[in-house]
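Colleague: any chance you can model this:
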Amino acid sequence: MHGRGKEIEDRLGRIMEERVRPAIHRAIGDLVVEAWHVPPSPDDTVGEPVGFDVARVATYQPAEVGDRWGPAWGTSWFHLSGTVPTDAVTPEVVFDLGWASRRPGMQAEALVHRPDGSLVKGLNPQNSWITVQPGEVIDLYVEAAANPAIGPGYRPTPEGDRHTSTRAPIYTISRAEICERDLATYQLNADVDVLDGLQRTLPESDARRWEIRYALERAVEALDPHDVPGTAPAARAELAAVLSRPANASAHRISAIGHAHIDSAWLWPVRETQRKVARTVANVTNLLDTTDDLVHCMSSAQQWEWLEQNQPGLFERVRAHVATGRFVPVGGMWVESDTNMVGGEAMARQFVMGKNWFIDKLGVECEEVWLPDSFGYTAALPQIVKLAGFRWFLTQKISWNTVNKFPHHTFWWEGIDGTRVFTHFPPADTYNGTLAASQLAHTASNFRDKGMATRSLIPFGHGDGGGGPTREMLDRARRTASLEGSPSVTIESPASFFVAAEAEYPSAPVWVGELYLEIHRGTYTSQARTKQGNRRSEHLLREAELWSTYAAVRGLVDYPYDELSAIWKTVLLNQFHDILPGSSIAWVHRQTEQEHARVAEELEAIITRAISALAASRSGSADGEAVFDATPMAMLAVSPRPGPSGEQGAPASVHRDRGDSGWSGTDRADTTLENEHLRVTIDEFGVIRSIVDLAAGREVVPPGGAANLLQIHPDFPNKWDAWDLDRFYRDQVEDIGGVVSTSSTVSTSSSAGSLEVRGEFGESSYTQRISLVAGRVDIETTVDWQERERVLKLAFDVDVHTDHARYETQFGHVTRPTHENTTWDAARFEVCAHRWVQVEDGGYGAAIANDSTYGHDVTRHPREGGGTFSTVRQTLLRAPRYPDPETDQGSHTFRTAIVPGADVGRAAEAGYALNLPVRRVGGTAVEPLVTVTGGTAYVECVKLAEDRSGDVVVRLYEPLGARAMVTLSPTFKTAGVTEVDLLERPLQNDALASTGPITLSLRPFQIVTLRLSVGSATR
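Modeller: Numbering: from 1, shown residues only. As a prediction, this is how the structure comes out:
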């Protein structure tokens, strides 16, 4: 038989596009439209959203199809009225706001209200209908958001800031009708959608493909293009047989779950996300109310709280569906946060606050971590999620890797401490599934665990900007529940999938270490102010909780539960995976900067209140000085020694010498800083040429090497400007030098002797202050950054021969190779570290610590005289122009420390010292609230229990990657101690002492949380 496949497909495609789909909705009545455009306030440029009670009584003007509406970010309300014919069958209002494309959530969208303010559903390009009843007198109010379409194309745009966005209307009403939805035509479209999609996924040689093709041809023959509604039943009859053929027994099994990924901010501000949540949830609830097979999941307790606060009526409807198991809370986090840069305690609190909210408000404890879109996953996560009571982990983002394809879709993920969590990557490679045949086929063919496992999960529903599942997607699921040639689709909860997947594949392979994403490496650096604000907020929260706990246990202040809870919510929200990574529009990041500033002010007030009360409470000289050190080192009961957090030693001296010719070929004037620990030589350009560790007698900088070398590269990635730092940026580099001056050397402080460097490059300028603080070199770099599409690095050559480096992460550190033996190694050319990076050989090392930098690269180079040396670089600033064309323009200050001779412990000391400076107030010194003896364990958190019982919660961890036996001793009387999980619920550990010192045996990187009942206050 002659091949007629393409002829059939083309014929089918035209008749569906030009005749069948347009016939689904037939106009049967006039819809009257009136509009009210929310005016801007006197001090604003665009009208902010108003409540329904305001919009209900506003003065509306006549509007019609073709009218323009909506300056960017503006809000318009439309009043729809009319009468539905009494003989209408399945009538619907169709209201098209003038969508810029078919993608929901990335442009204009709307929410439909009844006259009493209750919600009907959302409107978007894939969901522009409103169900009405025969004879109904229509009286509806539509809140429409004129959100601009920002992208694609990655070109700079002013639309991401409401002060620079378009003031003229950007949308046009394109359809407003009372229609009748012809069910036979609609169902024919659904049949063809599934069957035509399926046959296109099958091999040309497959008999099933031809069977379906000829059935589709017969359906076209049965269809009268001039009377589609009248002949649609006959066309459907031609397809019934091929639709009824059951799936093969070996067909891949897909668990489908309704889902709407809603970025808590991205190409829209947080205020718009709150409305997106309402629109999406209204759509989902409408589907749940009108179907019996949808199961939908929603993550992010923050978004649930917005729903409860802003739309309490809709929230109650949702809660009823939660009770039946059809609307499923998942993830158990406050938001779907970044996991690379979030600090250890904040990472724990994402799960604590999120999970507690779901338990308290909905009576549901989530067991699956749901992070489909974050930009890589820290190796600390398995232990954290297990301690928060989770069993499973889900993401699909690693499918975005640009170099290496991940070898598994279902596996056990092992973290830095050895904890394992059962993990699944949906092989559909999307969290915005549509259940289209091509997607189902890709899921089955892409699944990498064939032969050992038979099932996978797919989240379906429009997402990123919300929207959720549609009735068309449900039609696909029904038709593919059992269909020959297709995977079998079952709509069910994520928990149902995970229980079955774990049961059939308990011996799944193990992946050890971080889940590194081989793309979006620039997110470790973009929007430096956002990252600095986050780092500062995390450390201020540590201090506020510690000192408030101490003062509350002493009976001096009331613990600020409500204040701290509100602050934590703000900080956790701004760790969302498009806020902290710096990949949102300007509006988002300016707001985040303001919120971080407010948080800092509030936390400083809490800290001051607590330490002032503590200092004043101690007997002793009123002229004394109380020192408050919140670092874990202050709680380690060891003798003080010169090091990063100490201030021992004589003042540094500064002197200048004439040396060999410098970069310019003229005589070089070197400057030397020296104290009892270090001798540091800086050339006339401000570059460190030598660091001698006097105690070890070792030179830290390799021959011909440089430290404190600023370097600038072009930074114009192939796409995803704010996200990506492409490898080829390294192909061009410019070294930057300045001019050196010295300050006075007369002082009793060990950090007094310092050197200042000033320089210019491009359109920018910088100032550095280099000083010695005991056994470390401190560098404060202030940059007036005016570059575009360039990246600034700060480089340190270190004379150690090694093939790996250690990088701090949550509750420990990770070790990564610095060679490029494999494609996996080479792909990690930019990585994340928290407060420090450390390299060493033969027991001697050096660390580079920071106060707000996350992006790093460490490379190996041939050494003059043999061997290799390592170069550690911090990535200070980028200047992408999309989606924020003004990213990081202006002044920034970074603090860096070089710690010669540093092991992991001294690296950590330097990192804490830069981020938690000592506080001094008048009064008498106070002893630590708890101390650690016998070994090394860092106290990460001291707080009062979440249940407000007054119990003290202490969280500590082993930081060195070694087994340790330690004793924790409270300096207050205790009535008992219990080991608890992160939610402060008891774990089984009968070995703990009931009172007094607590002895703990810790495995490498183990986290332990203790709950101490307070006996009586110690004064």
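Colleague: so Gln187 makes contact with Ala235?
Modeller: No - when contacts are counted by Cβ atoms under 8 Å, Gln187 is not listed as touching Ala235 (10.1 Å). (C-beta placed from N, C-alpha, C; glycine too.)
Colleague: show me which of those two is the more surrounded one.
Modeller: Neighbour tally, Gln187 and Ala235, criterion other Cβ atoms under 10 Å: the higher count belongs to Ala235, 24 against 15.
Colleague: which residues sit in contact with that one?
Modeller: By Cβ atoms under 8 Å, 6 or more residues apart in numbering, the contact set of Ala235 is 188, 219-220, 222-223.
Colleague: before we move on, what about Pro928?
Modeller: 634-635, 971.
Colleague: kindly provide the distance from it to Met635.
Modeller: 5 Å (Cβ to Cβ, to the nearest Å).
Colleague: could you do Ser76 as well?
Modeller: 58 Å.
Colleague: and if you look at Leu572?
Modeller: Leu572 is 26 Å from Met635, by Cβ to Cβ.
Colleague: geometric centre of the protein: which residue is closest?
Modeller: His577 (1.9 Å; Cα atoms, centre = their mean).
Colleague: correct me if wrong: that one contacts Asp338.
Modeller: Yes - the pair formed by His577 and Asp338 meets the contact definition of Cβ under 8 Å, at 4.7 Å.
Colleague: what touches both of these two?
Modeller: Joint contacts of His577 and Asp338 (Cβ under 8 Å, 6+ apart) are 374-375.
Colleague: Gly911: what's it in contact with?
Modeller: Counted by Cβ under 8 Å, 6+ apart, Gly911 has contacts 808, 834-836, 849-850.
Colleague: for these, which one is nearest Leu678?
Modeller: Ala849 (15.0 Å; Cβ to Cβ).
Colleague: around that closest one, how many other residues sit close by?
Modeller: Using other Cβ under 10 Å, Ala849 has 32 other residues around it.
Colleague: could you do Tyr729 as well?
Modeller: 22.
Colleague: measure the nearest residue to it once chain neighbours are set aside to Ser765 for me?
Modeller: Closest residue to Tyr729 apart from its sequence neighbours, by Cβ to Cβ, 6 or more residues apart in numbering: His713 at 4.7 Å. The gap separating His713 from Ser765 is 18 Å, by Cβ to Cβ.
Colleague: tell me which of those two has more neighbours.
Modeller: Neighbours were tallied for His713 and for Ser765 using other Cβ under 10 Å; the higher tally belongs to His713 (19 against 16).
Colleague: what average pLDDT does the longest helix anywhere in the chain get?
Modeller: Criterion DSSP state H: the longest helix present in the chain is helix 586-617. In this model, helix 586-617 has an average pLDDT of 96.
Colleague: against which helices or strands is it packed?
Modeller: helix 528-553, helix 561-573, strand 625-628, strand 919-922 (3 or more Cβ pairs under 8 Å, 6 or more residues apart in numbering; DSSP states H and E).
Colleague: for the stretch 401-550 of the chain, which segments count as helices?
Modeller: Along the stretch 401-550 of the chain, the segments classed as helices by DSSP state H, counting those that start in this stretch run 437-446, 471-479, 494-504, 528-553.
Colleague: from the ones you listed, which stretch is densest packed?
Modeller: helix 528-553 (a mean of 23; mean count of other Cβ atoms under 10 Å).
Colleague: any idea what Ser337 is bridged to?
Modeller: Under DSSP bridges, the beta-bridge partners of Ser337 are Phe576.
Colleague: any idea how far the residue lying closest to Leu239 once chain neighbours are set aside is from Val242?
Modeller: Closest residue to Leu239 apart from its sequence neighbours, by Cβ to Cβ, 6+ apart: Asp191 at 4.9 Å. Distance from Asp191 to Val242, counting by Cβ to Cβ: 9 Å.
Colleague: before we move on, what about Ala346?
Modeller: Ala346 sits 54 Å away from Val242, going by Cβ to Cβ.
Colleague: for Val680, same thing?
Modeller: 79 Å.
Colleague: was I right about Thr231 contacting Ala222?
Modeller: Yes - counting by Cβ under 8 Å, Ala222 is a contact partner of Thr231 at 6.3 Å.
Colleague: got the residue ranges for the strands in the stretch 101-250 of the chain?
Modeller: Ranges of strands within the stretch 101-250 of the chain are 109-113, 119-123, 129-131, 137-145, 171-172, 175-181, based on DSSP state E, counting those that start in this stretch.
Colleague: also the stretch 601-750 of the chain?
Modeller: Using DSSP E, counting those that start in this stretch, strands in the stretch 601-750 of the chain cover 625-628, 653-661, 667-674, 678-682, 688-693, 698-699, 707-714, 734-736, 739-742.
Colleague: looking at these, which one has the lowest mean pLDDT?
Modeller: strand 653-661 - the lowest mean pLDDT of the strands of the stretch 601-750 of the chain, at a mean of 68.
Colleague: can you list the contacts of Gly911 in a markdown table and add pLDDT and distance to Ser584?
Modeller: Below are these laid out as a markdown table (pLDDT from 0 to 100; distance: Cβ to Cβ, whole Å):
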| residue | pLDDT | distance to Ser584 |
| --- | --- | --- |
| Glu808 | 98 | 26 |
| His834 | 98 | 22 |
| Arg835 | 98 | 25 |
| Trp836 | 98 | 28 |
| Ala849 | 98 | 28 |
| Asn850 | 98 | 23 |
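Colleague: most neighbours of all those, which one?
Modeller: If you count neighbours using other Cβ under 10 Å, the busiest of the contacts of Gly911 is Ala849, which has 32 neighbours.
Colleague: tally of neighbours for Asp731?
Modeller: Counted with other Cβ under 10 Å, residues neighbouring Asp731 total 8.
Colleague: would you mind measuring from it to Asp715?
Modeller: According to Cβ to Cβ, Asp731 and Asp715 sit 12 Å apart.
Colleague: same question for Asp191.
Modeller: As for Asp191, its distance to Asp715 is 51 Å (criterion: Cβ to Cβ).
Colleague: contacts only, for the closest residue to Ala184 other than its chain neighbours.
Modeller: Nearest residue to Ala184 in three dimensions, chain neighbours excluded: Ala232, at 4.0 Å (Cβ to Cβ, 6+ apart). By Cβ under 8 Å, 6+ apart, the residues touching Ala232 are 20, 182, 184-185, 187-188, 223.
Colleague: got a quick ChimeraX command for the buried subset of the residues you listed?
Modeller: In ChimeraX, a selection of the buried entries from these looks like this (16 or more other Cβ atoms under 10 Å):
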select :20,182,184,185,188,223
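Colleague: which of the contacts of Ala232 sits closest to Ser583?
Modeller: Val20 (40.6 Å).
Colleague: if we can go back for a sec, of the contacts of Gly911, which belong to strands?
Modeller: The members of the contacts of Gly911 that map onto strands under DSSP state E are 808, 836, 849-850.
Colleague: let's have these in CSV, adding distance to Gly533.
Modeller: Shown next, in CSV, are the ones in strands among the contacts of Gly911 (distance: Cβ to Cβ, whole Å):
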residue, distance to Gly533
Glu808, 19
Trp836, 20
Ala849, 19
Asn850, 15
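Colleague: where in the chain is the helix or strand with the lowest mean pLDDT?
Modeller: Ranked by mean pLDDT, DSSP states H and E, the weakest helix or strand in the chain is strand 653-661, scoring a mean of 68.
Colleague: tell me which of the strands of the stretch 601-750 of the chain sits most buried.
Modeller: Each of the strands of the stretch 601-750 of the chain was scored by mean neighbour count; the highest is strand 678-682, a mean of 23, by mean count of other Cβ under 10 Å.
Colleague: got the CA positions of that one in PDB?
Modeller: Once non-C-alpha atoms are left out, strand 678-682 reads as follows in PDB (Å, rounded to 0.1, in the frame of the first residue of the first chain):
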ATOM      1  CA  LEU A 678      52.400  36.900  59.300                       C
ATOM      2  CA  ARG A 679      54.600  38.900  56.900                       C
ATOM      3  CA  VAL A 680      52.700  40.100  53.900                       C
ATOM      4  CA  THR A 681      54.300  41.800  50.900                       C
ATOM      5  CA  ILE A 682      52.100  43.900  48.600                       C
END
